[in-house]
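**Student:** based on what follows, work out the 3D shape:
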Amino acid sequence: MLTDAGAVPVAVPRDRNGTFEPKLVGKHQRRLNGFNDIVLGLVSRGMTTRDVQSHLAQAYQVDVSPELISKITDAVLPELRAWQARPLDAVYPIMYLDAIVVKVRTDHVVVNRPVYISMGIDLAGRKNVLGLWMGKGDEGSKFWLGVLTELRNRGVKDVLIVCCWGSPHSWGRSDRVPRRH
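**Tutor:** Residues are numbered from 1 along each chain as shown. Here you go, the predicted model:
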């Protein structure tokens, strides 16, 4: 079976009457559509390669090596890097700066980490995610200066309105951010 990450051997069971109908991989199918998307979706939700391997074995009765899972996830890294470095428009009438806290698995421990988001509204009125940055939770004005410098280096020359929650001095400091009720 050919996947986006390479060939995977598949043993097809046979019966005397020829009545076996595979569920995951159809007869004579050489390419598995959506398999990489399933793996990437599970990994993006914080599952380790071993967790993904276990889930695929349980849900689909498919034995996949952790190396194949890593190969699939590594295949999207060039595309991710290209997206992170893509040139941006020169003008955004509105830019939003915010953060969301997500659960991240590090060293087999799940921790809460902020993901800082910059979203711009372009001149045609479309929303564009300009960038995402994983934080450690203690980012302040120096961190945001780096983010804004990166956006400028990628082509942003002017922003008319910047919308953010709290003041730049309180970004990343939970003791100074007003609480919503």
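**Student:** where does this protein dip in pLDDT?
**Tutor:** Low-confidence segments of the chain, defined by pLDDT under 70: 1-7, 12, 23-26, 28-33, 137-139, 166-181.
**Student:** which strand in it runs the most residues?
**Tutor:** Longest strand of the chain, by residue count under DSSP state E: strand 91-106.
**Student:** and it, what does it pack onto?
**Tutor:** The contact analysis (3 or more CB pairs under 8 Å, 6 or more residues apart in numbering; DSSP states H and E) places strand 91-106 against strand 109-121, strand 127-134, strand 158-164. All C-beta atoms are positioned from the backbone trio N, CA, C, and that covers glycine.
**Student:** okay if I get those as CSV plus distance to residue 82?
**Tutor:** What follows is the helices and strands packed on strand 91-106, written out as CSV (distance: least, CB to CB, whole Å):
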stretch, distance to residue 82
strand 109-121, 18
strand 127-134, 13
strand 158-164, 24
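**Student:** would you map out the domains in the chain?
**Tutor:** Taking automatic domain parsing as the criterion, the chain consists of the domains 2-81, 91-170.
**Student:** now these as JSON lines including mean neighbour count?
**Tutor:** Shown next, in JSON lines, are the domains of the chain (neighbours: other CB atoms under 10 Å):
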{"stretch": "domain 2-81", "mean neighbour count": "13"}
{"stretch": "domain 91-170", "mean neighbour count": "14"}
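**Student:** tell me who's in contact with the one residue sitting closest to the centre of the chain.
**Tutor:** For the chain, residue 44 is the residue whose C-alpha lies nearest the centre (CA atoms, centre = their mean; 5.5 Å). Neighbour list for residue 44: empty [criterion: CB atoms under 8 Å, 6 or more residues apart in numbering].
**Student:** and the gap between it and residue 59?
**Tutor:** Distance, residue 44 to residue 59, by CB to CB, to the nearest Å: 17 Å.
**Student:** what's across from residue 111 in the sheet?
**Tutor:** Residue 111 has these beta-bridge partners by DSSP bridges: residue 104.
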